[in-house]
Structure formats: structure tokens, C-alpha cells
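**Q** this one's structure only:
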Ligand SMILES: NC(=O)c1ccc[n+]([C@@H]2O[C@H](COP(=O)([O-])OP(=O)(O)OC[C@H]3O[C@@H](n4cnc5c(N)ncnc54)[C@H](O)[C@@H]3O)[C@@H](O)[C@H]2O)c1
Ligand SMILES: O=CCCC(=O)C(=O)O
């Protein structure tokens with residue numbers, strides 16, 4: 001856990017210098033938490049029935065307002081996270097593109113899922129009633145901003161965009177690692193709310209550092225769902241709080257993944273050196289602070305794996321150190337690496353360059369044989385940062401067994417050539433069961449925001465394998481179906497009225 005519970009007001013910390021800067025953020029009071037929940041609840045019935053164009057334009061306005069924050073947003077996020085300019089600029093593009101993509105989804109209206117089974121009064125032995133179904137939003141959603149993506153997975157990120165697209169008011173628990181970035185994006189969303197003429201409770205942000213803030217929000221009876229990206233312990237804590245409520249609610253937590261990569265024999269023989277170098281590029285990107293970071297490599301032991309290791313060692317040895325997001329995250333990384341250094345049967349292959357600054361992660365590469373890996377549960381725990389473990393397997397049967405032993409993952413990757421297809425075929429069902437996204441010949445870092453993307457997977461990658469937190473399917477997390485039986489046309493929602501005034505696609509008796 002990165003966040004302690006200090007008594008002083010929160011101020012931003014530059015992790016590159018360990019210096020605080022900017023204004024103080026007093027911990028939100030119980031009255032402010034109450035006000036945010038009350039406002040969100042009051043806004044729900046108005047916001048959820050906004051017409052599609054108003055809601056889509058609102059999402060586009062948020063994107064425009066975020067862009068209008070200009071370079072100040074980029075500089076602020078850089079100072080608060082230690083992430084470089086190109087990364088933050090790219091992340092802003094992804095964030096705004098994500099909002100605009102959800103605007104298109106809202107306009108198209110397919111998410112309403114309109115279905116009509118017309119009445120069959122003459123049916124025997126029993127007539128059928130007129131049945132009409134649509135999706136409605138769940139209600140106010142609490143979103144936890146993630147430390148590692150201060151824009152794309154934070155205040156105005158994917159959880160917020162998809163919940164707002166669904167028609168849910170959002171209360172963001174801003175991450176204490178980037179309070180000013182969070183506040184700036186929050187102000188951009190507030191402006192867009194005013195432009196759209198929406199109730200203020202459609203969005204609010206509470207920035208704080210105490211556990212009671214997040215726990216209180218998840219427990220509030222007016223909150224109907226949770227979106228979270230962060231640690232396994234944090235996600236599990238919220239799953240528990242949500243399950244123990246008088247009315248349990250869904251928690252969509254994206255938590256822990258070590259993203260196995262399998263180097264298939266023909267690919268390894270053909271391009272061991274290139275694979276070794278590319279692997280280190282993915283491993284060290286952004287100081288390894290990606291939930292998609294390749295933390296486990298599997299390959300058959302032998303000279304080709306030796307070549308891969310040699311190339312990876314050569315690349316990692318010259319890899320520069322990177323400032324991590326917070327001293328707490330840096331400390332957790334160091335602890336994780338030290339734990340691997342102490343593990344029986346684990347060999348250190350390489351460390352990256354050591355810097356002279358604070359909170360700088362030095363990459364780490366280890367190797368272990370498959371028997372030891374399977375015996376020692378600690379070896380399959382996520383080390384958040386640029387640390388990875390190569391698991392040397394004896395044969396194809398052992399590879400299948402060891403993959404089968406893994407926990408749920410966001411991604412699983414096959415590095416393969418055409419000659420590997422038959423050997424890969426029996427692995428695919430295993431990888432499908434383990435991961436939300438299966439890749440060939442890529443690296444898992446760098447998630448596309450699109451219609452077919454799945455950024456999800458079985459526990460502990462997420463708390464609910466049926467969904468994704470990236471891509472347009474993310475909207476489905478915040479919707480539930482309602483069936484209207486024999487409701488008069490005058491009372492039906494527009495999407496289900498006889499003359500289909502919204503012009504949305506509808507399935508009539510199951511046929512679109
Ligand atoms: N899988 C990922 O994408 C990912 C991303 C970021 C961090 N992490 C992991 O999380 C660690 C800490 O980083 P972090 O601060 O970003 O994540 P975190 O889970 O500690 O915190 C995320 C948010 O949840 C809140 N929170 C966490 N536990 C809570 C609890 N028990 N009760 C109330 N609120 C709680 C925090 O206040 C924060 O707002 C990292 O070292 C890393 O291991 C994973
Ligand atoms: O840290 C989680 C998200 C990772 C991601 O979005 C990416 O790899 O692009």
C-alpha cells in the first residue's frame with residue numbers, strides 16, 4: 001500500500017525530488033462526502049434520461065476542456081508523477097480520444113440494448129404479454145483514480161468516461177499521488193457540466209489520503225457501483241465492503257497481473273536476440289509501472305533461451321533508472337525485488353543502471369526453474385515495477401502444467417512463428433481461461449482503446465472477469481436490464497416506443 005495515513009493536509013509531492021509543492025488539500029469532511037453522495041443521487045434521474053445527443057456532446061465537451069487546460073496540465077502531471085512529457089502528452093490524447101469514442105457509442109444507442117417481444121394475444125394455451133427491454137444505468141458510481149495513469153485511468157479516465165456514458169453520476173476519489181492533476185481535470189469536467197446545463201451532482205471529486213474516505217464512499221447506500229484500479233489489497237478491501245453492505249453492489253476492480261509471455265521454440269530459435277531486446281523495452285517502459293508489464297517469461301531451457309537471456313541482460317544492464325510514482329510505490333518495488341533476491345533457487349541475471357536521484361527504480365531480471373516456480377507461491381506475486389522472472393521449463397508438458405497453475409491475468413502473450421502453431425494450439429485454451437487478452441508477437445504494454453479491447457480477466461487481475469475497463473464494452477459494467485410488460489406506449493421510454501423516435505437498433509422477437 002502506497003498511502004500512509006498522515007495527519008497533515010495533503011500536498012503534492014514531486015517524486016523526483018521528494019519536495020512538496022502547490023496548495024494544501026484538506027481531507028474531505030464527512031459533510032463533503034455526504035454532499036457529494038446526495039448530489040449524485042439527486043442528479044441521477046435527470047442525468048440518466050438526458051437525450052443521446054446531450055450526453056454525447058457533454059463527453060466531447062469534457063475532452064475539449066481537458067485539452068484547453070493546455071501545457072499546465074502536462075507540466076503538473078509530470079511534476080506529480082515523475083512521468084516524462086511524451087508519456088503524459090500521449091496519455092492526454094488517449095484520455096480525450098476515449099471520451100470522444102464513448103460519445104460515439106452514446107449517439108449510436110446500441111448500448112440501450114432495446115428488445116421487443118410483441119404481445120401474442122391469440123397464442124394458446126396462454127397469450128403472451130407485450131415485453132420490452134432496455135438497459136438503464138445502475139446509479140451513482142464511485143471511481144478510484146489510479147496512481148500510474150494520472151489521466152487515462154484517473155479523474156477523467158476510462159471508468160469515469162464509461163460510467164458517464166452509461167448515464168451514471170460519478171464521484172471520483174482522487175488519488176493522493178496527483179491531487180493537482182485530479183483537481184484540474186475535475187474543474188474541466190465541472191465546466192463541461194455547466195456548458196451542457198446538467199445538474200452539478202453529475203460529477204464530483206473528493207481528494208484525500210485517508211482510508212476512511214474511499215471506504216465511506218463505497219459503503220454509502222446511494223452509491224451503486226465502484227470502478228477501481230490499484231493494488232490487490234485495495235481492490236479486495238472494496239470487494240469486501242461492497243459485499244457486506246445491506247445492498248451489495250458490483251465492484252469493478254483491476255488489481256494484479258504479471259502478464260506471462262511464452263517464447264515458443266521456433267520463434268526463440270529464429271529471433272532470440274530481437275525478442276530479448278524488445279522484452280526489456282516493454283519491461284522498463286514507464287519504470288514498469290503498467291498493470292500490463294511482462295513480469296513472467298516462460299521458455300524451454302536450452303541454447304536459444306540462453307541467447308534470449310544474454311540479449312535481455314545486455315539491454316537491461318544499460319537501461320536507465322526511472323523515477324517511480326511515489327516513495328511508497330518505490331519502497332514496495334524495492335521490497336519485491338529484495339524478496340526475489342532472497343528466494344531459494346532464484347538467480348539474479350541483471351540489474352539496470354543505478355541513478356543518483358531519489359525514488360529511482362533499477363530494473364531487475366531473474367531466472368528460476370519451473371519446479372521451483374511451482375513450489376514457491378511468492379514467485380508468482382506481482383512486483384509492480386520493472387522486475388521480471390524467466391521460468392525455464394523442461395518440455396511442452398511442463399509448460400502446460402505451469403501455465404495451468406497461474407492465477408488470472410490481464411494478458412497472456414505467445415511469441416511464435418508459423419512453425420509454432422501446432423505447439424501453441426493446446427496452450428490457447430489454457431491462456432483463454434487465464435487471461436482477458438491473448439496476444440501473439442506483441443508485448444502486453446500499450447492497451448488500445450477500441451471496441452474489441454478487453455482489459456480484464458479472472459481474479460486477481462480483476463474482481464469480475466465478465467467485463468473490461470478499457471474499450472467501449474466498459475459501458476456494460478454500469479448498466480442493468482429492465483423489462484417493461486404491457487406498459488402503455490405513453491409511459492414507455494423513447495427507445496421502446498412504437499415509433500422508435502430515437503431510431504436506435506432494436507431486436508424484434510430476437511431479430512435485429
Ligand atoms: N495493477 C495496477 O494497475 C496497479 C496500478 C497502480 C498500483 N498498483 C499497486 O498498488 C500499489 C500501491 O499503489 P496505489 O496507491 O496506486 O494503489 P492502492 O491500491 O494502494 O490505492 C488506490 C486507491 O485506493 C485507496 N485505497 C487503497 N486501499 C484502501 C483501503 N483499504 N481502504 C480505503 N481506501 C483504499 C487509496 O486511497 C487510493 O485512492 C503499488 O505498489 C502497486 O503494487 C497496481
Ligand atoms: O496500468 C494499467 C493499464 C496499462 C495500459 O493501459 C497500457 O499498457 O497501455
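**A** Ah, there it is. All of these numbers come straight from a predicted model, not from anything done at the bench. Numbering: from 1, shown residues only. Ligands and ions are numbered 1, 2, ... in the order given.

**Q** List the residues that contact residue 277.
**A** 311, 312, 314, 315 (Cβ atoms under 8 Å, 6 or more residues apart in numbering). In this view, the C-beta of every residue, glycine as well, is placed from N, C-alpha and C.

**Q** Could you list the low-pLDDT ranges of the protein?
**A** The chain contains residues with pLDDT under 70 at 1-7.

**Q** and if we set it to 50?
**A** Scanning the chain for pLDDT under 50 picks out the ranges 1-5.

**Q** Buried residues, the lengthiest helix in the chain. List them.
**A** Identified as the longest helix of the chain according to DSSP state H is helix 85-108. For helix 85-108, the neighbour count (16 or more other Cβ atoms under 10 Å) marks 87-89, 91-92, 94-96, 98-103, 105-106 as buried.

**Q** Contacts made by that helix with the rest, please.
**A** Taking Cβ under 8 Å, 6+ apart as the rule, helix 85-108 contacts 52-53, 55-57, 59-60, 62-64, 66-67, 73-74, 77-78, 81, 83, 111, 149-152, 156-158, 161-162, 164-165, 286, 449-450, 472, 475, 504.

**Q** If we use 7 Å, what do you get?
**A** For helix 85-108, contacts defined as Cβ atoms under 7 Å, 6 or more residues apart in numbering pick out 52-53, 55-56, 59-60, 62-63, 66-67, 73-74, 77-78, 111, 149, 151-152, 156-158, 161-162, 165, 286, 449, 472, 475.

**Q** same question, stretch 218-238
**A** Contacts with stretch 218-238, where a contact means Cβ under 7 Å, 6+ apart, come from 1, 37, 40-41, 138-144, 146, 153, 159, 163, 217, 241-242, 245-247, 249-256, 460, 463, 469, 478.

**Q** biggest separation within the contacts of residue 277, which pair?
**A** Taking Cβ to Cβ, the two most distant members of those are 312 and 314; they sit 7.3 Å apart.

**Q** Please identify the residues of the stretch 251-400 of the chain in proximity to ligand 1?
**A** Proximity of the stretch 251-400 of the chain to ligand 1, by Cβ under 6 Å from any ligand atom, involves residues 254, 255, 256, 291, 329, 332, 384.

**Q** now, which of the residues you listed lie close to ligand 2?
**A** Among those, proximity to ligand 2 is found for residue 291 (Cβ under 6 Å from any ligand atom).

**Q** Pull the most distant pair out of the residues of the stretch 251-400 of the chain next to ligand 1.
**A** For these, the farthest-apart pair by Cβ to Cβ is 254 and 332; their separation is 17.4 Å.

**Q** which SS state does the residue nearest to residue 457 when sequence neighbours are not counted fall under?
**A** Using Cβ to Cβ, 6 or more residues apart in numbering and skipping the chain neighbours, the partner closest in space to residue 457 is residue 436 (3.4 Å). Recorded secondary structure, residue 436: strand (DSSP: H, G, I helix; E, B strand; the rest coil).

**Q** burial of residue 436, as a residue count?
**A** 25 (other Cβ atoms under 10 Å).

**Q** Isn't it up against residue 459?
**A** No - using Cβ atoms under 7 Å, residue 436 is not in contact with residue 459; the gap is 11.4 Å.

**Q** And the helices in the stretch 101-250 of the chain?
**A** Taking DSSP state H, counting those that start in this stretch to define them, one finds helices in the stretch 101-250 of the chain at 158-166, 179-196, 211-219, 232-244.

**Q** With distance to residue 485 added, can I get these in JSON lines?
**A** As requested, those are exported to JSON lines (distance: least, Cβ to Cβ, whole Å):
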{"stretch": "helix 158-166", "distance to residue 485": "24"}
{"stretch": "helix 179-196", "distance to residue 485": "34"}
{"stretch": "helix 211-219", "distance to residue 485": "34"}
{"stretch": "helix 232-244", "distance to residue 485": "30"}
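
**Q** and the angle from the longest helix of the chain to helix 179-196?
**A** Here the directions of helix 85-108 and helix 179-196 differ by 30 degrees (axes from the mean of the first three to the mean of the last three Cα atoms, to 10 degrees).
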